[in-house]
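# Build me a model from this:
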Amino acid sequence: MNVINKLFINLLIILLLVGLTVSCAPLGAQPKGWSGVVVADDALFLGSMEGKLVAIDVSHHNRLWSDVPLETSTPAATFGCAAPAMGVAVYGTPAVSGDLVYVGGYNGKIYAFSSSSGASRWVYPREGNLQPIVGGPVVAQGKVYFGCSDGKVYALDANTGDKQWEFETGDKIWATPAIHDDMLYIGSFDKKLYALDAITGEEKWGKPFETQGAIACTPLVYNNTVYFGSFDRYFYAVNATNGDPIWQFPVEDEAENRPEKWFWVKPVVYNNTIYAGNLDGKVYALDAETGNEVVEAIDLESPISSSPVLINNAVIIATEAGKVYSLDTGTNQIKPLANVEEKTCAPLFASEGVVYVHTQQPETLYALNAETGVTLWSLPLSSK
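The predicted structure is shown next:
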């Protein structure tokens, strides 16, 4: 590959990543975030595009308490005119454990709030900021884990926010960690997948697993195997214990480094079949043991940047165009479920037969019946 082609490929990577980090908005726009939702004890939590933590009563479909703004910053004045304060973009899905809800901000801070009142409990770091946090936090074993754009994985005490350990990779991290037993798995823009001891932060494999592209996909751990996609247009299966390769699946047109064929979202698994969405608008159904296609790739004709969910033996998938589909895992046939007709980039969430869809432009939260696609309720999130 000549120098011009390499420069062109790098430019494509930069343009796509910038586009994704402004929440599917035009290049150069202020980051707004695309937080997924999480449900715990009949309460639903998510980060709004205004940079606020929103808590909703699932039974009554109203707010539990007033939206809580994350720390805001005011840009420097230009030519004597003060600029308005900006909200903190929230890209990762909040995590809930006990009486606390945890949120990562694009301003480089992790927040812990009371899940019953929204009161602030702690923030990390106490002073200053890390680099942007894009992936969501994960809570396990009394710790909060997250990756950061400074290339480090952090573990904090879940009750106090005190740092327990940090591990440095070779480039920025946008993925959410996956915790399985005492292991943490996470990918980096240095094109490597890492396996760390969740207690100590020590690297467990002799060396990380290397790919040919950045990794922003949250891994899936199933049957002692780690499944994940990369920006090199391959989907991988790796031994969870030692990091040895098991198989890799290539997206067609291998000779072309096309950004629209990258794996971005976390896959799901059912009955030994891996379902992986791709920015090319296709869902790939792969045999978990061999990596062979179970059926021909299903083309939904719009990028898939929203992580799918499994509910009632069906995989629910949303495209950026706002169309929601249900894939029958028994027949691998897909059918339209709903069309919210709004930009959808946030991960889906499913609970008790309901699929939650967080859309942009205008920002709305939809609760859909997972079987019929009927909108059970919807709630505008903008305060304007």
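# in the stretch 151-300 of the chain, which spans are strands?
Assigned by DSSP state E, counting those that start in this stretch, the strands in the stretch 151-300 of the chain fall at 152-157, 163-168, 178-180, 183-187, 192-197, 209-210, 220-222, 225-229, 234-239, 245-250, 268-270, 273-277, 282-287, 298-299.
# From Val295, how far out is the closest residue to Asn224 other than its chain neighbours?
Distances taken as Cβ to Cβ, 6 or more residues apart in numbering put Ala240 closest to Asn224, at 4.8 Å, once the chain neighbours are dropped. Backbone N, C-alpha and C define where each C-beta goes, glycine included. Ala240 sits 26 Å away from Val295, going by Cβ to Cβ, to the nearest Å.
# of the two, who's got more company?
Ala240 (24 against 15; other Cβ atoms under 10 Å).
# and the more buried one, what pLDDT?
Looking at Ala240, its pLDDT is 98.
# OK, contacts around the spatially closest residue to Thr329 that is not a sequence neighbour?
In this structure, Thr329 finds its nearest non-sequential neighbour in Tyr270, 4.6 Å apart by Cβ to Cβ, 6+ apart. Residues near Tyr270 by Cβ atoms under 8 Å, 6 or more residues apart in numbering: Leu310, Asn313, Val315, Thr329.
# hmm, back to that, who touches the residue nearest to Asn224 in this structure?
Ala240 neighbours (Cβ under 8 Å, 6+ apart): His180, Met183, Tyr185, Ala195, Val221, Asn224, Thr225, Val226.
# what do you get for Asn369?
So Asn369 contacts Gly353, Val354, Val355, Leu376 (Cβ under 8 Å, 6+ apart).
# From the residues you listed, pick the one nearest Tyr91.
Closest approach between these and Tyr91, by Cβ to Cβ: Val355, at 20.3 Å.
# Show me what that closest one is bridged to.
Ala350, Leu368 (DSSP bridges).
# can you start the count at 7 instead of 1 from here on
Fine by me, first position is 7 from now on; the one you just mentioned is Val361.
# Next one: it from Val346, what distance?
Taking Cβ to Cβ as the measure, Val361 falls 11 Å from Val346.
# Just give the number of residues close to the nearest residue to Val275 once chain neighbours are set aside.
Among residues not flanking Val275 along the chain, Tyr228 sits closest, at 4.8 Å (Cβ to Cβ, 6+ apart). Residues lying near Tyr228 (other Cβ under 10 Å) number 18.
# So for Tyr228, what pLDDT did the model give?
97.
# out of Val361 and Val346, which sits in the more crowded spot?
The neighbour comparison of Val361 against Val346 (other Cβ under 10 Å) goes to Val361, with 26 against 20.
# Surely the more buried one touches Val330?
Yes - contact criterion Cβ atoms under 8 Å: Val361 and Val330 qualify, at 7.3 Å.
# if I look at the two, which residues touch both of them?
Contact criterion Cβ under 8 Å, 6+ apart; residues bridging Val361 and Val330 by contacting each: Ile322, Leu374.
# Quick one: residues contacting the residue lying closest to Gly193 once chain neighbours are set aside.
With sequence-adjacent residues excluded and distances taken as Cβ to Cβ, 6+ apart, Gly193 is closest to Ile221, at 2.7 Å. By Cβ under 8 Å, 6+ apart, Ile221 lies in contact with Ala181, Gly193, Ser194, Phe195, Lys197, Lys198, Leu199, Phe234, Gly235, Ser236, Phe237.
# From Arg127, how far out is the last one?
What it means is Phe237. Taken as Cβ to Cβ, the span from Phe237 to Arg127 is 36 Å.
# Among these two, which residue is more densely surrounded?
Using other Cβ under 10 Å, the more surrounded residue of Phe237 and Arg127 is Phe237, with 25 against 16.
# what about the residue nearest to Arg239 when sequence neighbours are not counted, neighbour count?
Among residues not flanking Arg239 along the chain, Val257 sits closest, at 4.4 Å (Cβ to Cβ, 6+ apart). Per other Cβ under 10 Å, the neighbour tally for Val257 reads 23.
# what sits against Val257?
So Val257 contacts Arg239, Tyr240, Phe241, Lys267, Phe269, Asn284, Asp286, Tyr290 (Cβ under 8 Å, 6+ apart).
# Over to Thr370?
For Thr370, the contacting residues are Val346, Glu348, His364, Ser384, Leu385, Pro386, Leu387, by Cβ under 8 Å, 6+ apart.
# and if you look at Phe255?
Phe255 makes contact with Tyr240, Phe241, Tyr242, Tyr290, Leu292, Gly297, Glu299 under the criterion Cβ under 8 Å, 6+ apart.
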